[in-house]
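Visitor: have a look at this prediction, sequence included:
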Amino acid sequence: MPRSQKNDNFIDKTFTIVADILLRVIPTTQREKEAFTYYRDGMSAQSEGEYAEALQNYYEAMRLEIDPYDRSYILYNIGLIHTSNGEHAKALEYYFQALERNPSLPQAFNNMAVICHYRGELAIQQGDLEASETWFDQAADYWKQAILLAPSNYIEAHNWLKMTGRS
């Protein structure tokens, strides 16, 4: 049984019903409808912490989805899962792929910056100040791009840029 038919809470059920109605009304191909169903099931599994199931759904959605913009969100969500699992190198790869298809994803830039900042902090703990500065500079570049796309978001990043002289 597809995950979309197993939703237990009101909001998920409502979203599923509305999405199903839209899929029937909006002129899309069967392939696009299937891709969206897998994407929706992936989001549902991801929100419940079922990352393996979410990844399976996202990979299937990627197999079916041809629109670069829609693919960017699938790739972004795959990156989120790898970030949550501590697989930062893999996450960065998926964020890069998402941005190749949709360069207007400030959240991808933000997440890449967070990973670089984290790596900079790790380098400090390891006593490698030169590497930490490189990671922090990379984080600054990504945060600047995120802020450029969404000026009212990422206030903490904006403050960090100012405090560290990287703005």
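Guide: Received it, and whenever you're ready, just let me know what you need.
Visitor: now do the strands in the protein.
Guide: Ranges of strands within the chain: none, based on DSSP state E.
Visitor: okay, now the domains of it?
Guide: 29-88, 104-166 (the TED database).
Visitor: for the last one, how far is the first residue from the last?
Guide: In other words, domain 104-166. 22 Å (CA to CA, to the nearest Å).
Visitor: again, but for the first one
Guide: The distance separating the two terminal residues of domain 29-88, taken as CA to CA, comes to 35 Å.
Visitor: pLDDT on that domain, on average?
Guide: Averaged over domain 29-88, pLDDT sits at 95.
Visitor: in this structure, which residue sits furthest out from the middle?
Guide: Here the chain has its C-alpha centre computed as a mean, and the residue farthest from that point, by CA atoms, centre = their mean, is residue 127 with 31.0 Å.
Visitor: what ranges does the protein have for its helices?
Guide: 10-25, 30-47, 51-64, 68-84, 88-101, 106-125, 129-149, 155-163 (DSSP state H).
Visitor: any chance of TSV for those helices, columns mean neighbour count?
Guide: C-beta here means a position set from N, CA and C on the backbone, and glycine is covered the same way. Shown next, in TSV, are the helices of the chain (neighbours: other CB atoms under 10 Å):
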stretch	mean neighbour count
helix 10-25	12
helix 30-47	19
helix 51-64	18
helix 68-84	20
helix 88-101	18
helix 106-125	20
helix 129-149	18
helix 155-163	14
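Visitor: make a markdown table from the domains of the chain and add distance to residue 97 to it.
Guide: Output for these, formatted as a markdown table (distance: least, CB to CB, whole Å):
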| stretch | distance to residue 97 |
| --- | --- |
| domain 29-88 | 5 |
| domain 104-166 | 9 |
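Visitor: and those: which comes nearest residue 96?
Guide: domain 104-166 (7.9 Å; CB to CB).
Visitor: pLDDT on that closest one, on average?
Guide: Per-residue scores along domain 104-166 average to 97.
Visitor: contacting residues around residue 67?
Guide: The contact partners of residue 67, taken as CB atoms under 8 Å, 6 or more residues apart in numbering, are residue 32.
Visitor: the same query, at a cut-off of 10 Å, please.
Guide: 32, 35, 73, 101 (CB atoms under 10 Å, 6 or more residues apart in numbering).
Visitor: what of residue 55?
Guide: Residue 55 neighbours (CB under 10 Å, 6+ apart): 42, 45-46, 77-78, 81-82, 85.
Visitor: how about a cut-off of 7 Å?
Guide: 78, 81 (CB atoms under 7 Å, 6 or more residues apart in numbering).
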